[in-house]
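1. fold the stuff below for me.
(chains A and B, ligands or ions: 4)
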Amino acid sequence: MSTYQAHFRIWRGDPGGGELTDYTVEVHDGEVVLDIVHRLQATQAPDLAVRWNCKAGKCGSCSAEINGRPRLMCMTRMSVFARDEVVTVTPMRAFPVVRDLVTDVSFNYVKAREIPAFVPPAGLGPGEYRMRQEDVDRSQEFRKCIECFLCQDTCHVVRDHEENKEAFAGPRFLMRVAELDMHPLDAAEEAGLDRRRTAQEEHGLGYCNITKCCTEVCPESIRITDNALIPLKERVVDRKYDPLVWLGKTIRRRKA
Amino acid sequence: MRSPGRASIAARHLRTDRWWLSPAATAAGLLAFVAYSTWRAFANAHYYAAPYVSPFYSPCLADNCVPMRGGPNWALFGSWWGLSPALLILVFPLGFRLTCYYYRKAYYRSFWAAPPACAVAEPHRAYTGETRFPLLLQNLHRYFFYAALPVAGILTYDTALTFRDSHYAWGHAGLGTLVFLVNIVLIWAYTLSCHSCRHIVGGRLRHFSKHPVRYRLWTWVGRLNRRHMQLAWASLISVAVCDLYVYLLATGAFDDPRFF
Ligand code: SF4
Ligand code: SF4
Ligand code: FES
Ligand code: FES
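-> Ligands and ions are numbered 1, 2, ... in the order given. I've put the predicted structure just below:
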């Protein structure tokens, strides 16, 4: 068992202002950044605010930025840093700060509510849904999401441009649109809801320039860009920008 | 980044790794290719050394093309075209790669710095992404994909022609044949690993279980698609090497080593 003294810099403050504060703190083998933050709370900074829950990378509460990279504090091992490296921890920088490492992530809940829910198919009661595994594989990848909102925090569309928050749902919720559009039983279309058109027109899919930072930071390794956003862009092209598809549809409709 | 309410941190980013390395390397690689291909496309010379034709000049669509026996001469544009015939055909691969989802990521990051790297603030005051003209046109990618298929078909034909010797007798092969083979495999792998292709063969379906063949195709394309970035670079390099090989033969820099 080896122990050393690490140099931490933690952002302390509130919406009125704040600064990076230096700490020297003990680190033991096998610890993660969240352990160190807890040790600081226990020994030097009892009023240090931090949000956490599971310490197992499953609740999505402990999102922060460590050496400038959005990550889960409980899943970032201290062994990835050199012993003499300064470890800087800040709250997520795309959301309003509450205090210290805690941010107000309600932007994401607003966006979540803007996505129309699953539309149950007519004539099937609860318990009567039958789906083939290959038809739900794609959606299941997206359901691994733990809602840590690291992707929302990293996405430059809103991180660097507060004014886009209104128009842009963010990767996590565009992925939700993709999930429902790929769902084998979702009856949105029958109910007159066009998820593809609204992805572009109401949820801001066009703002995404597929630069893949959401994918890079996702702790669940969901391939957000390749499997949700790009397929959704292609689906939008089907609906809005493909004359061949449009022609085929018109002819088929005539025949019917 | 510094909007009111957010944590007041002055730095544009706090990353300590070498985040600039990847966009810098990408920019260098792309610039090198653009410089090389511009020179070669405008050169209008040294693109044929029997039996090899440079992929930059194939198919050759004007009257002013070098006649290539059995080769991809196809004077659609007749004699009024006075510039390099490469310019006529290169529009298609250029459009295909410019609108490719991978290259978009590459140049948005390395040339436009939107964003330069993850969690590194971009320098632009406003951002509208691909919501407006001209970037809205990126949605045309699938048409360039359709156009890329016949082009790849013609390059496959050119590769078949490399199984001749310089007197057009069949059943021979040289080092150039090998270069062309590697190139055409990479070109096809890149083309078929395209995200639009993945969508067209099966991605647009809702019920894979009702379309087993398309589901199988989608799975295969998906497997290639995971390597799309690597294939984009490999095929970019191979096409340049192919052209360079023809250039060296045509200028007489060396003779094609023959295997049989
Ligand atoms: S790929 Fe799109 S959604 Fe994901 S971070 Fe980049 S711009 Fe945002
Ligand atoms: S998609 Fe990944 S990064 Fe985004 S909220 Fe879900 S788990 Fe977090
Ligand atoms: S504490 Fe639950 S994800 Fe880190
Ligand atoms: S060629 Fe890259 S996505 Fe189509």
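2. what about the closest residue to ligand 1 within the stretch 101-250 of chain B, helix or strand, and which?
-> Closest residue of the stretch 101-250 of chain B to ligand 1, Cβ to the nearest ligand atom: residue B:129 (7.0 Å). Every residue, glycine included, has its C-beta placed from N, CA and C. Here residue B:129 sits in a region with no helix or strand, counting by DSSP states H and E.
3. can you tell me the element the residue of the stretch 1-150 of chain B found nearest ligand 3 falls in?
-> Closest residue of the stretch 1-150 of chain B to ligand 3, Cβ to the nearest ligand atom: residue B:119 (18.5 Å). Counting by DSSP H and E, there is no helix or strand that carries residue B:119.
4. what residues does the stretch 101-250 of chain A have near ligand 2?
-> Residues of the stretch 101-250 of chain A lying near ligand 2 by Cβ under 6 Å from any ligand atom: A:145-151, A:172, A:217-220, A:222, A:224.
5. now for the residue of the stretch 101-250 of chain B closest to ligand 1: which residues touch it?
-> A:157, A:206, A:207, A:208, A:209, B:135 (Cβ atoms under 8 Å, 6 or more residues apart in numbering or on different chains).
6. OK, contacts around the third one?
-> Yep, that's residue A:207 we're talking about. Per Cβ under 8 Å, 6+ apart, neighbours of residue A:207: A:157, A:164, A:167, A:168, B:127, B:128, B:129, B:130, B:131.
7. next one: the fifth one from residue B:136, what distance?
-> Looking back up the chat, that one is residue B:127. 14 Å (Cβ to Cβ, to the nearest Å).
8. more neighbours, the two?
-> Using other Cβ atoms under 10 Å in any protein chain shown, the more surrounded residue of residue B:127 and residue B:136 is residue B:127, with 19 against 14.
9. you'd agree the more buried one is up against residue A:162?
-> No - using Cβ atoms under 8 Å as the test, residue B:127 is too far from residue A:162 to be in contact (11.0 Å).
10. quick check: residue A:187 touching residue A:117?
-> No - with contacts counted by Cβ under 8 Å, residue A:187 stays clear of residue A:117, the gap being 11.4 Å.
11. looking at those two, which one has more neighbours?
-> Using other Cβ under 10 Å, the more surrounded residue of residue A:187 and residue A:117 is residue A:187, with 15 against 10.
12. pLDDT at the more buried one, what is it?
-> As predicted, residue A:187 sits at a pLDDT of 96.
13. since we're on residue A:118, how many residues are nearby?
-> Residue A:118, neighbours per other Cβ under 10 Å, totals 12.
14. which residues does it contact?
-> A:180, A:183, A:186 are the contacts of residue A:118 under Cβ under 8 Å, 6+ apart.
15. what's the closest of the residues you listed to residue B:28?
-> The shortest gap between residue B:28 and any of the contacts of residue A:118 belongs to residue A:180, at 41.9 Å (Cβ to Cβ).
16. show me what the helix or strand where residue B:244 lies is packed against.
-> Assigned by DSSP H and E, residue B:244 belongs to helix B:228-250. When contacts are defined as 3 or more Cβ pairs under 8 Å, 6 or more residues apart in numbering or on different chains; DSSP states H and E, helix B:228-250 sits against helix B:21-43, strand B:48-49, strand B:52-53, helix B:101-110, helix B:175-192.
17. now the helices for the stretch 1-150 of chain A?
-> When assigned using DSSP state H, counting those that start in this stretch, the helices of the stretch 1-150 of chain A occupy the ranges A:33-43, A:106-114, A:133-142, A:150-154.
18. for ligand 1, find the nearest of the ones you listed.
-> Between the helices of the stretch 1-150 of chain A, helix A:150-154 lies closest to ligand 1; by Cβ to the nearest ligand atom that is 5.9 Å.
19. tell me the domain ranges of chain A?
-> A:3-103, A:106-255 (automatic domain parsing).
20. want to throw these into CSV with distance to residue B:173?
-> Shown next, in CSV, are the domains of chain A (distance: least, Cβ to Cβ, whole Å):
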stretch, distance to residue B:173
domain A:3-103, 51
domain A:106-255, 38
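21. by mean pLDDT, show me the worst of these.
-> Among these, domain A:106-255 scores lowest, at a mean of 94.
22. the helices of the stretch 1-150 of chain A: which one's closest to residue A:253?
-> Residue A:253 lies closest to helix A:133-142 among these, at 25.6 Å (Cβ to Cβ).
23. check whether the closest one contacts chain B.
-> Yes - using Cβ under 8 Å from any Cβ of the partner chain, a contact is recorded between helix A:133-142 and chain B, made by A:134, A:135, A:137.
24. out of these, which end up buried?
-> residue A:135 (16 or more other Cβ atoms under 10 Å in any protein chain shown).
25. tell me how far the biggest helix by length in chain A is from the chain's mean position?
-> Looking across chain A with DSSP state H, the single longest helix is helix A:243-255. Relative to its chain's centre, helix A:243-255 lies at 37 Å (Cα atoms, centre = their mean, to the nearest Å).
26. residue contacts, the closest residue to residue B:75 other than its chain neighbours?
-> Using Cβ to Cβ, 6 or more residues apart in numbering or on different chains and skipping residues adjacent in sequence, the residue nearest residue B:75 is residue B:63, 4.9 Å away. The contact partners of residue B:63, taken as Cβ under 8 Å, 6+ apart, are B:75, B:77, B:78, B:79, B:81.
27. for the second one, give me its contacts.
-> Meaning residue B:77. B:61, B:62, B:63, B:85, B:88.
28. from the residues you listed, which two are the most distant?
-> Farthest apart among the contacts of residue B:77 - using Cβ to Cβ - are B:63 and B:88, which lie 11.5 Å from each other.
29. now the common contact residues for the two.
-> B:77, B:81.
30. give me the number of residues near residue 38?
-> Because you didn't say which chain, this covers chain A. Neighbour number of residue A:38 under other Cβ under 10 Å is 17.
31. actually chain B
-> By other Cβ under 10 Å, neighbour count at residue B:38 equals 11.
32. if we can go back for a sec, residue B:229: which of the residues of helix A:133-142 next to chain B is nearest?
-> Ranked by distance to residue B:229 (Cβ to Cβ), the residues of helix A:133-142 next to chain B are led by residue A:137 at 23.2 Å.
33. quick one on the thing from earlier: turn the contacts of residue B:77 into CSV, including pLDDT and distance to ligand 1.
-> Listed next are these as CSV, based on pLDDT from 0 to 100; distance: Cβ to the nearest ligand atom, whole Å:
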residue, pLDDT, distance to ligand 1
B:61, 93, 38
B:62, 91, 41
B:63, 90, 46
B:85, 93, 39
B:88, 93, 35
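34. OK, contacts around residue B:24?
-> residue B:110.
35. now it: how far from residue B:17?
-> 13 Å.
36. shared neighbours, the two?
-> Residues touching both residue B:24 and residue B:17 by Cβ under 8 Å, 6+ apart: none at all.
37. if we can go back for a sec, can you select the buried ones from the contacts of residue B:63 in ChimeraX?
-> Buried members of the contacts of residue B:63, defined by 16+ other Cβ under 10 Å, are picked up in ChimeraX with:
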select /B:81
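38. from the contacts of residue B:63, which shows the smallest pLDDT?
-> Minimum pLDDT across those falls on residue B:78, with 82.
39. quick one on the thing from earlier: show me which residues of the helix holding residue B:244 are buried.
-> B:228-229, B:231-236, B:238-240, B:242-243, B:245-250.
40. of the residues of the stretch 101-250 of chain A next to ligand 2, which is the nearest to chain B?
-> Proximity to chain B was ranked across those by Cβ to the nearest Cβ; first place goes to residue A:217, at 6.4 Å.
41. ok, how many other residues are close to that closest one?
-> The number of residues near residue A:217, taken as other Cβ under 10 Å, comes to 24.
42. you'd agree it is up against residue A:224?
-> No - look at residue A:217 against residue A:224 with Cβ under 8 Å: they stay out of range, at 9.6 Å.
43. between the two, which contacts overlap?
-> residue A:151.
44. what parts of chain A come near ligand 3?
-> Residues of chain A lying near ligand 3 (Cβ under 6 Å from any ligand atom): A:52, A:53, A:54, A:55, A:57, A:58, A:59, A:60, A:61, A:62, A:72, A:74.
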